[in-house]
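[1] model this:
(chains A and B)
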Protein chains: 2
Amino acid sequence: MPVEENVTDEKKLTPRAQDFSAWYNEVVVRAELADYAPVRGCMVVRPYGTALWENCQQSLDRRFKETGHQNALFPLLIPMSFLQKEAQHVEGFAPELAVVTHGGGKELEEPLVVRPTSETVIGYMYAKWIRSYRDLPILINQWGNVVRWEMRTRLFLRTLEFYWQEGHTAHATYEEAQEETIRMLNIYADFATNDAAIPVVTGRKSDAEKFAGADASYSIEAMMGNKWALQAGTSHNLGQNFAKAFNIQYLDRNNELQYCWTTSWGLSTRIIGGIIMVHGDDQGLKFPPKLAPYQVVIIPIWRTEDQKSTVLEAAERLRRELAERFRVILDAREEVTPGWKFNEWELRGVPLRLEIGPRDVEQGTAVLARRDIPGKAGKSVVPVAGLSHAVGELLDLIQANLLAAATAFRDANIHEPKDYQELKEVVADGWAKAYWCGDPACEAKIKDETKATSRNIPLDQGDAGPGSCIVCGRPAKEWAYWARAY
Amino acid sequence: MPVEENVTDEKKLTPRAQDFSAWYNEVVVRAELADYAPVRGCMVVRPYGTALWENCQQSLDRRFKETGHQNALFPLLIPMSFLQKEAQHVEGFAPELAVVTHGGGKELEEPLVVRPTSETVIGYMYAKWIRSYRDLPILINQWGNVVRWEMRTRLFLRTLEFYWQEGHTAHATYEEAQEETIRMLNIYADFATNDAAIPVVTGRKSDAEKFAGADASYSIEAMMGNKWALQAGTSHNLGQNFAKAFNIQYLDRNNELQYCWTTSWGLSTRIIGGIIMVHGDDQGLKFPPKLAPYQVVIIPIWRTEDQKSTVLEAAERLRRELAERFRVILDAREEVTPGWKFNEWELRGVPLRLEIGPRDVEQGTAVLARRDIPGKAGKSVVPVAGLSHAVGELLDLIQANLLAAATAFRDANIHEPKDYQELKEVVADGWAKAYWCGDPACEAKIKDETKATSRNIPLDQGDAGPGSCIVCGRPAKEWAYWARAY
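    Predicted coordinates for the structure are as follows:
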C-alpha cells in the first residue's frame, strides 16, 4: 500500500476566496455532515453532523440544567387560531407556516400549523399550570424540530425544518424576566466562545430585527470566514405580550391576580453552519476539539503483510487507550491509501491525526499531526508512553488556537468608519462599528444601499460616550455593528 | 409545622381494582408526567415525564452505540407519493396520516405527510448513499417525533404525536438482516427487563398483527397491572420490500447489482405507560431506580425554628453527598407538611425517601423508607456515615424486587387453557398460552369472540413439541400468547 500525500484534483474543494458559498455547500456534503432531503429546502443530518449536534446539545443542556432549567416536550401541531392571539407574532410568522388541513382522511375543522416556534402553545399550557407566586418561576427548555417555510434555503443555515432548543420561562416580575433573558444570552456566548471556539458579540437587536412578539431581543453575532455575520442564538424578553394573549396569570402574595412576565431563547443547528464557516479552510472543516465528533483519527501505515499485523495491533492498542478519555476512530480501511485518508479526515475536520508505521512501532513512538497547523510545523513525534497526556494537551492547544485565530480574524475586520461613505465601503468586506440615532429610517437606508443590517447594539459599549449617527448626523446614544448577514 | 401522615381524600386516586383506566389517567396527570395539549389526542410531556423519557433514551442509546449504530436526523415531511411506493405500507398508514397541503401561504403542488414512520424517506436516502458492498451494513437510528391520526387516544399509550426512536438498517444478505432484527429485539428485552424492571416475552407477530410492509415483525410484550398486554417495542425484517420500492441497491464483490435487505425497529414513549401500569399501586407510581427521575427524595422534619436550621443544614449536607452518585431532590418546602410530602412523592413514584429530623441529626442517623415495601417493613434507620453505600444497596434491592414482583404477577396470570371454552374464560382476566394452527380465520374468531389478540409467538417455545390448534383442533407447530391489549 503506497504512502502518497497528493490530493487528486477531483477531491479538491472550490477555494473559499473564489466562491465561499460553493465551498460551503461542497464541504457540508462531502464531509457527510448533511444532505438534501427529497422535499425542497429540507435536510437530512447525517451521522457525522448528528454527532456534532449531539455534542452541542450536551454542552448546552448541562449549562441549562446548572441554571435550574428542566426539559419538557410540547406538541408539534398548534391550532391556527393560537398564532393569531398575539398580533405581532402572527404578522411575523404567518408567511412562513406549514399548514395541516387533513387528518385521518378528513378535512379538519380548524387547520393546524406545524410549530414555527412554541410561544403560543406553551403560553396556553403555562396559563393552565400557573396558579400562584409559588409556582414561579417556571424554567423550561425543549429540544425539538420546527418548520418555517423559507424560500431561499441552505443546509444548516436556513432550512424548512430545523432542530433547536427553545427555552420558555415565566416570572413574577419584569426584573426577573430581564435577568433571565440576559443570563441565557450569556450562556449562549459562553458556549460559543468556550466550546465552539467562536468569538461572539452579545447585544440588543434593533426593533426592525427583533423577534415577532418580543419587547426586546438579544443576540450573539459571529463573523464568518467571508466576513458576513451570523446570528447564532437569540434571547427574548417577551414582556407581558404572551401573558396577556394567553392569560398567564398568578396570584401574588397579596392574593391579587397579576400577569406573568415571560422570556424565550433559542439556538439551532444553524450553529453548525457557524462552526463550518468560522474555522474551515480550503482543505475543509476544522472542528474545535470540545465539539468534534472524533477528536483523534488513527491512521496505520504499512507496506508489507508482516508490517500490517504489527502496525494494526499497535494501532488498536493505542485506540483502546485513547478511547478512555477521547472520541477516537481507527481508520484501518485497506481499499484507500494513507494519503487519501489524510485528505479525507482533514476535509472532515478531525483536530488531531495520529500516524503509526512500522518504524514507530519499533521505536515506541507515534506521529501527531494538528489540523490547525498545516504541514511539518503541526507535526510532532511523541513516545507512546504517556500518549494520552500528550493528546490531551494538544487538543487544549488546538481549542485555544482556533478561538485565538477566529478572534484575530474578526478583530482585524471590524472597522470604525468616520462617515457614511466610508461605512458603505467597509461593509462590502467587513463589519462596521458605527453610531446610530435609533431612527428606523437610517437603519433602512443602510440596508437598502449596502445590504448590511444592524447586527446588534452591544451590551458592552466600552468607554465611548454619546456620538452622532453615521447616517443622519443627529445625536446617537449607542453604537451598533453593521454587516452583511446570513 | 405539624407532622401528619393522613391522606386527604381529595388526594386519593381511584383504586386500580375499581377502575384501572381512571387510575391510570389520574396518576399520569397528578404526578405531572404529562398533560393534555389543546389539539385533541396530543400530549405535553411535563418535566417529570421528560426526565423519565431521557433516562430511557440514554439507556437505549448506549446499547445502540455499543452495537455499532449511529444517530441521524431525517425530515419530518415526506411527499405523499413516497408512501404509495410500498403497497402494504400505504394500506396500513393511509388512514392515519396528517397532511400538509399549504406552505408559505400557497397550496403545495404535492401534499406532504407528517411522518408516521420513516421507512420511505430513509429508503430514498439509502438508495442515494449506498453504492457497493463496502457501504454495508448501514446502521442508523433516529430519535424523534411522529404523527399518527388515532381516534381513541390516551396519554403515553396512544397519542396523535408521540416520541420514539426508529432504527433503520440496510444489509447485503437476508441472514444479516434477520440477525440484526433479532439483535435489536433482544436489546429491547434487555432494556425492559434490566432497566424498566418489566419482564417481557420476545416473539414473532402474526401476519395480521405485523408492521405494514414487513416480511416479519417481532415484539416484546409485557403484562400490565390489569392483566392486559402492552406491545412495548417492535423489530421488523423488511425483506427486500422497501429496497425494491426505493431502489436500494449495491454492487456486490462480483460487481453485480443486488437489492439490499432492510430492517426497522422502534420503541416509543409508550414504554412510560408500561412502567406506570406494571409497577404502580393504589398510592401511585413506583419507578424502577435505574430510570427514576429522582432516585431519592430527602424530606426534612422539624417543629421549632431552632430545629429547622439544624435539620435543613444536615439535609443539605446529605443532599450534596448523595448527589455525587444518585439523582436526588431535597424537598424543603414550608407551605406543606412532611406527611403531605410523603404522599406526594409516593404518588410520584420516588423509590427511596430519606427522612431526617432533629433526633436523627443528634444521633447521626436518617430514616430510609422504600416505596416498594409499604409501612414499617420498608423503613430502616441508618447511620449517616456510609449513607451513600446503604442507599446504593437499597436501590439495587428495589430494582430487583420490582422485577421479581412483576414477574411473579405475570407468571401467576398466564394460563394454559385445555380447550377453546377455557381460553375464552382465561383471556377475560389474564393471558392464555395456546397452540394455533396459523390460520388467520382461527385468530379472527378469537378476536371477535373474546377481544383478545395474538400477542406474539414466542421465540422460545420451550420443550413443547407440536400440538393442536385451540380453535379448530388441526395440527399446530407453535403456540402463541393471547390477551386483551392496549
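[2] Let me see the ranges of the helices in the stretch 151-300 of chain A.
    Assigned by DSSP state H, counting those that start in this stretch, the helices in the stretch 151-300 of chain A fall at A:174-194, A:241-246, A:270-279.
[3] Tell me which of the ones you listed is the most buried.
    helix A:270-279 (a mean of 25; mean count of other CB atoms under 10 Å in any protein chain shown). For the C-beta atoms, the positions are set from N, CA and C on the backbone; glycine is no exception.
[4] so it versus helix A:174-194, what angle?
    For helix A:270-279 against helix A:174-194, the angle between stretch directions is 40 degrees (axes from the mean of the first three to the mean of the last three CA atoms, to 10 degrees).
[5] okay, helix A:270-279 in PDB with CA atoms only?
    Backbone C-alpha positions of helix A:270-279 (Å, rounded to 0.1, in the frame of the first residue of the first chain) are rendered in PDB as follows:
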ATOM      1  CA  ARG A 270     -27.500  26.900  12.400                       C
ATOM      2  CA  ILE A 271     -24.600  27.000  14.900                       C
ATOM      3  CA  ILE A 272     -23.100  24.100  12.800                       C
ATOM      4  CA  GLY A 273     -23.100  26.400   9.800                       C
ATOM      5  CA  GLY A 274     -21.200  28.900  12.000                       C
ATOM      6  CA  ILE A 275     -18.600  26.300  13.100                       C
ATOM      7  CA  ILE A 276     -18.000  25.400   9.500                       C
ATOM      8  CA  MET A 277     -17.700  28.900   8.200                       C
ATOM      9  CA  VAL A 278     -15.600  30.300  11.100                       C
ATOM     10  CA  HIS A 279     -13.000  27.600  11.200                       C
END
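[6] what's it packed up against?
    helix A:20-30, helix A:47-66, strand A:216-223, strand A:229-237, helix A:387-412 (3 or more CB pairs under 8 Å, 6 or more residues apart in numbering or on different chains; DSSP states H and E).
[7] will you turn those into JSON lines that also has distance to residue B:198, mean neighbour count and mean pLDDT?
    Formatted as JSON lines, the helices and strands packed on helix A:270-279 follow (distance: least, CB to CB, whole Å; neighbours: other CB atoms under 10 Å in any protein chain shown; pLDDT from 0 to 100):
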{"stretch": "helix A:20-30", "distance to residue B:198": "42", "mean neighbour count": "18", "mean pLDDT": "98"}
{"stretch": "helix A:47-66", "distance to residue B:198": "27", "mean neighbour count": "18", "mean pLDDT": "98"}
{"stretch": "strand A:216-223", "distance to residue B:198": "44", "mean neighbour count": "25", "mean pLDDT": "98"}
{"stretch": "strand A:229-237", "distance to residue B:198": "40", "mean neighbour count": "25", "mean pLDDT": "98"}
{"stretch": "helix A:387-412", "distance to residue B:198": "40", "mean neighbour count": "17", "mean pLDDT": "98"}
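[8] okay if I get those as CSV plus distance to chain B?
    Shown next, in CSV, are those (distance: least, CB to the nearest CB, whole Å):
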stretch, distance to chain B
helix A:20-30, 11
helix A:47-66, 4
strand A:216-223, 23
strand A:229-237, 19
helix A:387-412, 22
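[9] Go through the helices of the stretch 151-300 of chain A and name the closest to residue B:327.
    Comparison of the helices of the stretch 151-300 of chain A against residue B:327 by CB to CB identifies helix A:174-194 as nearest, at 22.7 Å.
[10] want to try TSV for the helices and strands packed on helix A:270-279, with distance to residue A:167 as columns?
    Formatted as TSV, those follow (distance: least, CB to CB, whole Å):
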stretch	distance to residue A:167
helix A:20-30	27
helix A:47-66	7
strand A:216-223	13
strand A:229-237	8
helix A:387-412	25
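[11] coming back round to it: can you put the helices of the stretch 151-300 of chain A in JSON lines and add mean pLDDT and distance to residue A:19?
    JSON lines is the format used below for these (pLDDT from 0 to 100; distance: least, CB to CB, whole Å):
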{"stretch": "helix A:174-194", "mean pLDDT": "98", "distance to residue A:19": "26"}
{"stretch": "helix A:241-246", "mean pLDDT": "97", "distance to residue A:19": "43"}
{"stretch": "helix A:270-279", "mean pLDDT": "98", "distance to residue A:19": "13"}
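[12] between those helices, which gets nearest to residue B:225?
    Among the helices of the stretch 151-300 of chain A, helix A:241-246 comes nearest to residue B:225, with 37.4 Å by CB to CB.
[13] what separates the closest one from the chain centre, distance-wise?
    Centroid separation for helix A:241-246 versus its chain: 30 Å, with CA atoms, centre = their mean, to the nearest Å.
[14] which helices and strands does it pack with?
    helix A:87-93, helix A:119-129, strand A:261-268.
[15] As CSV, these with mean pLDDT would be great.
    As requested, these are exported to CSV (pLDDT from 0 to 100):
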stretch, mean pLDDT
helix A:87-93, 90
helix A:119-129, 98
strand A:261-268, 98
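[16] Show me which of those has the highest average neighbour count.
    strand A:261-268 (a mean of 26).
[17] show me the contacts for residue A:195.
    The neighbours of residue A:195, taking CB atoms under 8 Å, 6 or more residues apart in numbering or on different chains as the test, are A:56, A:59, A:288, A:290, A:291.
[18] Dump the helices of the stretch 151-300 of chain A into JSON lines; add distance to residue B:203 as well.
    Formatted as JSON lines, the helices of the stretch 151-300 of chain A follow (distance: least, CB to CB, whole Å):
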{"stretch": "helix A:174-194", "distance to residue B:203": "46"}
{"stretch": "helix A:241-246", "distance to residue B:203": "48"}
{"stretch": "helix A:270-279", "distance to residue B:203": "42"}
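[19] Between those helices, which one is closest to residue A:232.
    helix A:270-279 (5.1 Å).
[20] who's in contact with the closest one?
    Counting by CB under 8 Å, 6+ apart, A:20, A:24, A:27-28, A:33, A:49, A:52-53, A:56, A:154-158, A:162, A:192, A:196-198, A:222-226, A:230, A:232-233, A:285-288, A:291, A:349, A:402, A:406, A:486 sit against helix A:270-279.
[21] likewise stretch A:245-260?
    Around stretch A:245-260, the neighbours that count as contacts under CB under 8 Å, 6+ apart are A:85-86, A:89, A:120, A:123-124, A:126-127, A:130-133, A:135-136, A:170-172, A:240, A:242-244, A:262.
[22] End to end on that stretch, go ahead and measure it.
    Terminal residues of stretch A:245-260 are spaced 11 Å apart (CA to CA, to the nearest Å).
[23] Show the pLDDT at residue A:12.
    You'll see residue A:12 listed with a pLDDT of 89.
[24] Flag every residue of the stretch 251-400 of chain A that's near chain B.
    Proximity of the stretch 251-400 of chain A to chain B (CB under 8 Å from any CB of the partner chain) is limited to residues residue A:335.
[25] if you set the cut-off to 10 Å instead, what comes out?
    Contact residues (CB under 10 Å from any CB of the partner chain) of the stretch 251-400 of chain A with chain B: A:269, A:293, A:333, A:335.
[26] so how far is residue B:158 from the second one?
    If I follow you right, that is residue A:293. Separation of residue A:293 from residue B:158 (CB to CB, to the nearest Å): 36 Å.
[27] Could I get the contacting residues of residue A:130?
    Residues counted as contacts of residue A:130 (CB atoms under 10 Å, 6 or more residues apart in numbering or on different chains) are A:136, A:137, A:138, A:170, A:172, A:243, A:247, A:248, A:249, A:250, A:251, A:260.
[28] quick one: least confident helix or strand in chain A?
    Within chain A, no helix or strand scores below helix A:87-93, which has a mean of 90 by mean pLDDT, DSSP states H and E.
[29] Show residues contacting that helix.
    Under the criterion CB under 10 Å, 6+ apart, residues A:80-84, A:86, A:97, A:113, A:115-117, A:119-120, A:123, A:148-149, A:210-214, A:238, A:241-242, A:245 lie in contact with helix A:87-93.
[30] Can you get me a residue count around the closest residue to chain B within the stretch 151-300 of chain A?
    When distances are taken as CB to the nearest CB, the stretch 151-300 of chain A reaches nearest to chain B at residue A:161, 5.2 Å away. Residue A:161: 21 surrounding residues under other CB atoms under 10 Å in any protein chain shown.
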